[in-house]
Each structure stands twice: as C-alpha cells, then as structure tokens.
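**Q** Build me a structure from this.
(chains A and B)
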Amino acid sequence: GAVVSQHPSRVICKSGTSVKIECRSLDFQATTMFWYRQFPKQSLMLMATSNEGSKATYEQGVEKDKFLINHASLTLSTLTVTSAHPEDSSFYICSASSGQRNQPQHFGDGTRLSIL
Amino acid sequence: AQSVTQLDSQVPVFEEAPVELRCNYSSSVSVYLFWYVQYPNQGLQLLLKYLSGSTLVESINGFEAEFNKSQTSFHLRKPSVHISDTAEYFCAVSVYSGGYNKLIFGAGTRLAVHP
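**A** Below is the predicted model:
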C-alpha cells in the first residue's frame, strides 16, 4: 500500500517555540494533503486541507496564523505550530490522497507534540 | 449533512470470539465508506473500503464489512479475534466539501481482546 512518512514522531519543547512537522508521500503523488489533530481517546479532527501549490483551506475554528501549512510539492506538506503553548500539546496526524473521492487517504504515523 | 455514528465506544471480547463493531452513516448521496484501524501512538491504517459493487468487502486479516443501504450501515465483523486485534477502529465516509474530498470519521470504537 501507499506509504506516508511523518517526521518527527515526537517533539518535546518549551512554550513559545515554533515546531515544524513534515509529511511526505513516498510512493505516489499526493495532490491533496490533510492535517488532523487528535485528543486522547477521541476521533480525528480535521484542521486543514491543502492542494499542491495553493493555500490551505482551514476548518472553522482553526487559527491559520497559528498553524501554518505549506504544500510546496506533490510529495511534501509541512505544518508549523507557531509560538506553541501547552494547550497546543496533542497528537497531529497527516494524510495524503490523490484527491479523488473513491481513493482512500493514506496516513502518516503521527507526531506527539508536548509543550512544557 | 453527512455524519458517521459508531454506537459502541468500547467493545471487550475474549480471544477467538466473534466481534461486530457497528457503524451507521447519514448521507443523501452515494457513499464511499472506509474502516481504518489505529494502534497506540500510530497513525491510521486502511482496513477495508466499500466503493461500489459487492456489498460485502473483506480485508486480508480476516475482517469483513457489509454495506447495507436500507439500514445505512457498514458494520465491521470478524469471526475469531486475536490479541493483536486490540486497537481503535474508525469508520469513515467520504464527502465532497469546500472543494475537497474529505473524510468524516466516527468517534471510534476501542476493541479490547482479552486472553
């Protein structure tokens, strides 16, 4: 199956630090990439969707200046959590898709972000 | 608006027993349905999908799900579970929204297999 690599798997940093998370599709061209946030024992909450080369579309309630998304190529998307605070601590998961409705999304292994 | 309901938040079961994880969806259009599995501290892995054709779909590790249009359900079943099946299972429906094909997830069902 398709492989999506997410890096880093775990980040621990001080409050006020900006953190960048990378999501790469290794064996297919990801026209569309998605970023999710997952709280403990809960489902995935979609944060934003992006197509290669265009601005991301953010879900209601998600601060676009806080969570910067760049989808510069068909194989790479990045999420930068700017000036992170303890309330930003969470499990962040990316997924990649060819963009067609009948094609599944392929997920990375997630990034556990802990802000001290 | 489309939505997905997973009726059971937790399902405890003994090893080698059968299990059913329930999923109901609401949609006014044709649907594409998916089951994903999540192991601790990992992302989601596609378990199986229904796009069209046969209403019974199977995975390589013994799970199957049946699409029932009249009951708007897509329940996941396995006749005999293993300890290694312990995980969180998410049902999802594909929708077109805001210019993108997105997934709407259910709240998840935690399957706990006991020896």
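**Q** Just read off the phi/psi values of the residue most central in space within chain A.
**A** Among the residues of chain A, the one closest to the centroid is residue A:35, at 3.4 Å (CA atoms, centre = their mean). As for residue A:35, its main-chain torsions (degrees, to the nearest 10) stand at phi -120, psi 130.
**Q** any idea how far chain B is from it?
**A** Plainly put, residue A:35 is 12 Å away from chain B if you go by CB to the nearest CB, to the nearest Å. Where C-beta positions appear, they are placed from N, C-alpha and C, glycine not excepted.
**Q** Just the pLDDT for the nearest residue to that residue once chain neighbours are set aside.
**A** Excluding the flanking residues, the one nearest residue A:35 by CB to CB, 6 or more residues apart in numbering or on different chains is residue A:47, at 4.7 Å. As predicted, residue A:47 sits at a pLDDT of 95.
**Q** what's the answer for residue B:104, then?
**A** Confidence for residue B:104, expressed as pLDDT, is 89.
**Q** Quickly list what it is bridged to.
**A** Judged by DSSP bridges, the bridge partners of residue B:104 are residue B:93.
**Q** What helix or strand is residue A:114 located in?
**A** Following DSSP states H and E, one finds residue A:114 within strand A:111-115.
**Q** residues of that strand that come out buried?
**A** Within strand A:111-115, the residues that count as buried by 16 or more other CB atoms under 10 Å in any protein chain shown are A:111, A:113, A:115.
**Q** quick one, what contacts the residue nearest to the centre of chain A?
**A** Going by CB atoms under 8 Å, 6 or more residues apart in numbering or on different chains, residue A:35 touches A:23, A:46-50, A:67, A:69, A:77, A:79, A:92-94.
**Q** How about residue A:91?
**A** By CB under 8 Å, 6+ apart, residue A:91 lies in contact with A:37-40, A:110-113, B:41.
**Q** Quick check: of these, which lies closest to residue A:58?
**A** For the contacts of residue A:91, the closest approach to residue A:58 (CB to CB) belongs to residue A:37, at 12.0 Å.
**Q** The closest one: how many residues sit nearby?
**A** Residue A:37 has 20 neighbours, counted by other CB atoms under 10 Å in any protein chain shown.
**Q** now swap in the one 3 residues further on and tell me
**A** By the other CB under 10 Å criterion, the neighbourhood of residue A:40 contains 6 residues.
**Q** before we move on, what about the one 5 residues further on?
**A** Taking other CB under 10 Å as the neighbour definition, residue A:45 ends up with a count of 16.
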